[in-house]
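Novice: what's the 3D shape of this:
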Amino acid sequence: EVQLVESGGGLVQAGGSLRLSCAASGFTFDDWAIGWFRQAPGKEREGVSCIDNADGSTYYADSVKGRFTISSDNAKNTVTLQMNSLKPEDTAVYYCAADHIATRCTKYEYANWGQGTQVTVSS
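Specialist: Modelled structure (predicted):
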């Protein structure tokens, strides 16, 4: 059974940093794509950053390029999203997702989801 557990959310002031972690189990971690998505109230869930553990390729949404960094630790089955220079518009529930065949960082290609962690950035 695929399990994804997010941690690291919280409340931070604009300009601050947070580090989200996704602990994965139940699948061959280094063959799968892992993504971070977010959903703000009244908005659609959007892809923030994804990494394909099979080849190490990464994707970042334009809104987070240069501020967020995704990394994968295959030994610990953990994917981390380092978020710097946070803005109020980054406020959302952040979800970790995993899929064996996803090729794009879109919610439609990811079948397995964590419960989410709240990130709130105050101005």
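
Novice: need the strands for the chain, in chain order.
Specialist: With DSSP state E, the ranges of strands along the chain come out as 3-7, 10-13, 18-25, 33-39, 46-52, 58-60, 68-73, 78-83, 92-99, 112-113, 117-122.

Novice: which residues touch the one residue sitting closest to the centre of the chain?
Specialist: The structure's the chain has its C-alpha centroid closest to W36; by C-alpha atoms, centre = their mean the separation is 1.9 Å. By C-beta atoms under 8 Å, 6 or more residues apart in numbering, the contact set of W36 is 20, 22, 47-50, 70, 79, 81, 94-97. To be clear about C-beta, it is placed using only N, CA and C from the backbone, and glycine gets the same treatment.

Novice: What is the nearest of the residues you listed to P41?
Specialist: Using C-beta to C-beta, Y94 comes nearest to P41 of the contacts of W36, at 13.6 Å.

Novice: pretty sure the closest one is touching R45, no?
Specialist: No. Contact between Y94 and R45 fails when scored by C-beta atoms under 8 Å: they sit 10.1 Å apart.

Novice: what about the chain, any weak spots by pLDDT?
Specialist: The model of the chain has no residue with pLDDT under 70.

Novice: just to revisit the earlier point, by neighbours, which of the contacts of W36 wins?
Specialist: When neighbours are taken as other C-beta atoms under 10 Å, the top entry among those is V79 (29 neighbours).

Novice: OK, contacts around it?
Specialist: Contact analysis of V79 by C-beta under 8 Å, 6+ apart lists 21-22, 24, 34, 36, 51, 70-73, 96.
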